[in-house]
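# Provide a 3D model corresponding to the input given below.
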Amino acid sequence: MIQNPLPQAFVIVATKGRPVETANLLGYIAAQSHLPLRTLVVGADAADVAGLGSHPLVHGGQAEVLVCGRAGLTLQRNAGLDRLAALVDELKPADWFVAFFDDDFRPASNWLVSCAQRFAQSPEVVGLCGNLLADGIHSSGYDEQTARDYLLGKRAPESHWAHGKQLTELVDGLYGCNMAYRGPIAIAQRFDEKLPLYGWQEDIDFAGRARRYGKLVCEPACRGVHMGVQGARTSGLRFGYSQIANPVYLIRKGSMRTSFGARLAARNLASNLFNSLRLNRRKDYAGRLRGNFQALVDAGLGRLHPERVLSIR
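Model (predicted):
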């Protein structure tokens, strides 16, 4: 019996201020058992991608480095999708998908082949995220050796909603640090650029629109670690504003369930208040709390919107 070939893979990586971490991710991509046809690395400016031109993947033509000229996760991912559309026209793959990796995500060497197998076996699945062994955003972050230890099984997996041994259908969306969509689904839409800067919850919005075409799942075979590298990409004040403004905007838009968005905003407000009172300085919880309150004031004045975060200094 002749089996159909696995779908071809493409990868998009949006990066800001982490050229070293991005170079390390390219090493993990080069080690994949199912190599992508092309990896697109998108920085906001030249400093974001410094030195990447000499990486073997780029030098060999299997990866491209792009500079979109504007900072913002949604902007940079959309620049990648625009370039991907042209590549697909040129390469004409019969069946394909695109994976989005954060620059500090570390995939197991079978991530892409496991993703391809799921799409080949399950035509009803249009998008998936991987099995997260550990997520550094809930701590002070992990270094490269710790990430390798999780992947090698030297450390036990941490508890996480995107971790498990069984294929699980997801209702509220995919985790954007490692997610993939069937090509035609991904290329037909764009990330919402009204979610600026860090683009918080842009993954839920994208998934909410993709769900109209089929199922979203968490694939246990696509193992990986999100290092959660610490860095001041967005101030605590701005991020706190987005923690309220973005869910409200997406609920009104219809791409986020009201119950999910309300729980998300309330949980973050409570966490920021609790950690501020405890004087927890691991993250800027006090700044986030001020941002939360500023968003609530704007909501009361009828002017709450994600893009207002750009005017916060």
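# return the set of buried residues in stretch 42-61.
42, 43, 44, 48, 49, 52, 55, 57, 58 (16 or more other C-beta atoms under 10 Å). Where you see a C-beta, it was placed from the backbone N, CA and C, and this is true even at glycine.
# which elements pack onto the host helix or strand of residue 97?
In the assignment (DSSP states H and E), residue 97 maps to strand 96-101. Counting contacts by 3 or more C-beta pairs under 8 Å, 6 or more residues apart in numbering; DSSP states H and E, strand 96-101 is packed against strand 8-15, helix 73-91, helix 111-121, strand 178-182, helix 183-187.
# ok, that strand: who's next to it in the sheet?
Using DSSP bridges, the strands paired with strand 96-101 in its sheet are strand 8-15 (parallel), strand 178-182 (antiparallel).
# same list, those strands, but as JSON lines with mean pLDDT, distance to residue 198 and mean neighbour count please.
As requested, the strands paired with strand 96-101 are exported to JSON lines (pLDDT from 0 to 100; distance: least, C-beta to C-beta, whole Å; neighbours: other C-beta atoms under 10 Å):
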{"stretch": "strand 8-15", "mean pLDDT": "98", "distance to residue 198": "11", "mean neighbour count": "26"}
{"stretch": "strand 178-182", "mean pLDDT": "98", "distance to residue 198": "16", "mean neighbour count": "26"}
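# the spatially most central residue of the chain in helix, strand or coil?
With distances taken as C-alpha atoms, centre = their mean, the chain has residue 176 as the residue nearest its mean C-alpha position (2.5 Å). Here residue 176 is recorded as coil under DSSP: H, G, I helix; E, B strand; the rest coil.
# what's the closest of the helices and strands packed on strand 96-101 to residue 242?
helix 73-91 (11.3 Å; C-beta to C-beta).
# could you list the buried residues of the closest one?
Buried, per 16+ other C-beta under 10 Å, within helix 73-91: 73-81, 83-84, 87-88.
# which one of the helices and strands packed on strand 96-101 lies closest to residue 199?
With C-beta to C-beta, the closest approach to residue 199 among these belongs to helix 73-91: 3.5 Å.
# show me what that closest one packs onto, helices and strands only.
strand 8-15, strand 38-43, strand 63-67, strand 96-101, helix 183-187, helix 202-210.
# in this protein, which segments are predicted with low confidence?
Counting by pLDDT under 70, the chain has low-confidence residues at 1-4, 231-234.
# mind redoing it with 90?
1-5, 137-140, 161-162, 164, 171, 198, 230-235, 279-283, 312-313 (pLDDT under 90).
# quick one: the helices in it?
Listed in chain order, the helices of the chain (DSSP state H) span residues 19-30, 56-59, 73-91, 111-121, 144-151, 183-187, 202-210, 236-253, 258-277, 285-300.
# of all the ones you listed, which one comes closest to residue 171?
Using C-beta to C-beta, the helices of the chain put helix 258-277 closest to residue 171, at 8.1 Å.
# who are the packing partners of the closest one?
helix 236-253, helix 285-300.
# in it, what counts as buried?
Within helix 258-277, the residues scored as buried using 16+ other C-beta under 10 Å are 260, 261, 264, 265, 268, 269, 271, 272, 273, 275, 276.
# residue 183 is in contact with residue 98, isn't it?
Yes: assessed by C-beta atoms under 8 Å, residue 183 is found in contact with residue 98 at 6.1 Å.
# who's more crowded, these two?
residue 98 (24 against 21; other C-beta atoms under 10 Å).
# ok, what's across the strand from that one?
Counting by DSSP bridges, residue 98 forms beta bridges with residue 10, residue 181.
# use 36 as the first number for this chain going forward.
Okay, residue one is now 36; in that scheme the one you just asked about reads as residue 133.
# my read: it touches residue 215, true?
Yes: if you go by C-beta under 8 Å, residue 133 and residue 215 touch, sitting 6.5 Å apart.
# nearest to residue 334, of the helices and strands packed on helix 108-126?
When those are compared by C-beta to C-beta, helix 237-245 sits nearest residue 334, at 19.0 Å.
# picking that back up, which two from the buried residues of stretch 77-96 end up farthest apart in space?
It's 79 and 92 that sit farthest apart of the buried residues of stretch 77-96, by C-beta to C-beta, at 20.6 Å.
# output the helices and strands packed on strand 131-136 as JSON lines; include the columns distance to residue 195.
Below are the helices and strands packed on strand 131-136 laid out as JSON lines (distance: least, C-beta to C-beta, whole Å):
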{"stretch": "strand 43-50", "distance to residue 195": "22"}
{"stretch": "helix 108-126", "distance to residue 195": "21"}
{"stretch": "helix 146-156", "distance to residue 195": "16"}
{"stretch": "strand 213-217", "distance to residue 195": "12"}
{"stretch": "helix 218-222", "distance to residue 195": "24"}
